[in-house]
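*Asks:* coords please:
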Amino acid sequence: MNFKTAFAPAEVVSAETLQQQYHHLTNLSEWKDVFSRQDVPLAILNAERQVVIANSALLRLLGGAAFSDVIGKRPGELLHCEVAERTLLGCGTAAECGNCLALRTIQTAVRINRAQSYAVVIQTNGKYLELELSATAVDTPLGRFTVVQFG
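*Replies:* Next up, the predicted model:
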C-alpha cells in the first residue's frame with residue numbers, strides 16, 4: 001500500500017519478511033564476524049530503513065533494550081525522535097524529516113555506498129541526542145542493506 005508522505009516512503013515489510021532478512025543476514029559468516037567483534041553500536045537496515053539486526057552495543061545504548069523491541073523499527077523510532085513519535089507514519093515521513101541528517105546519511109549511503117554525518121535528534125523527553133553516524137550500503141543476494149554505526 002502506498003502512503004503519501006512529506007519526505008521518505010512510509011512502506012514497511014511484514015514481520016515474516018523481517019524474519020527472512022534476519023535469517024539471511026545471520027547466515028552470512030562475514031556479517032557474524034563484523035557484529036561479534038564490534039563494541040560500537042551497529043544496526044543493519046533493510047531498504048525500508050527498518051532494523052533487521054542490532055548488535056549488543058546498540059542495545060546497551062538504547063538502555064538495555066531487547067532485540068525484539070528494536071527489530072522492524074526505524075532509527076528515529078529507536079532514538080525516540082519527537083518527530084517520529086508524533087507522526088502517524090513514523091520515522092522519515094514528516095516534512096521536518098527533510099532536515100534530519102541521520103535520515104539523509106542513510107539515504108546517501110544507499111545511493112553512493114557510504115556516508116557520514118553528525119546529527120542531533122530531539123527526543124520526546126526534550127533532550128538533545130548528539131550522534132556521529134556512519135552508514136555503508138552492502139549488496140547481498142537478498143538485496144541492498146545499510147550498516148549504520150551510531151557513535
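
*Asks:* Sheet-wise, list the partners of the longest strand belonging to the chain with their directions.
*Replies:* For the chain, the strand with the greatest residue count under DSSP state E is strand 128-140. Strand pairing for strand 128-140, determined by DSSP bridges: strand 114-122 (antiparallel), strand 143-150 (antiparallel).

*Asks:* Leaving out sequence neighbours, find the closest residue to the residue nearest the centre of the chain.
*Replies:* When CA atoms, centre = their mean is applied to the chain, the residue found nearest the centroid is P75 (4.1 Å). Leaving aside its chain neighbours, P75 sits nearest to A102 (5.6 Å; criterion: CB to CB, 6 or more residues apart in numbering). Where C-beta positions appear, they are placed from N, C-alpha and C, glycine not excepted.

*Asks:* who's in contact with that neighbour?
*Replies:* Residues in contact with A102 (CB atoms under 8 Å, 6 or more residues apart in numbering) are 75-76, 79, 117, 119, 121, 131, 133.

*Asks:* what about 10 Å?
*Replies:* Neighbouring residues of A102 by CB atoms under 10 Å, 6 or more residues apart in numbering: 74-76, 79, 81, 91-92, 117-121, 129, 131, 133, 135, 148, 150.

*Asks:* same check, this time on V148
*Replies:* Per CB under 10 Å, 6+ apart, neighbours of V148: 41-45, 49, 51, 54, 58, 75, 102, 105-106, 109, 115, 133-136.

*Asks:* Filter these down to the buried ones.
*Replies:* Buried members of the contacts of V148, counted by 16 or more other CB atoms under 10 Å: 41-45, 49, 51, 54, 58, 75, 102, 105-106, 109, 115, 133-135.

*Asks:* among these, which are in strands?
*Replies:* Using DSSP E, the buried ones among the contacts of V148 in strands are 42-45, 51, 54, 115, 133-135.

*Asks:* Adding pLDDT and distance to Q21, write the residues you listed out as TSV.
*Replies:* Converted to TSV, these look like this (pLDDT from 0 to 100; distance: CB to CB, whole Å):
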residue	pLDDT	distance to Q21
L42	93	16
A43	94	13
I44	94	9
L45	96	10
V51	96	10
A54	92	13
A115	92	22
L133	93	21
S134	95	21
A135	95	17
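
*Asks:* Nearest to S14, out of those residues: which one, please.
*Replies:* Within those, the smallest distance to S14 is 14.7 Å, found for V51 (CB to CB).
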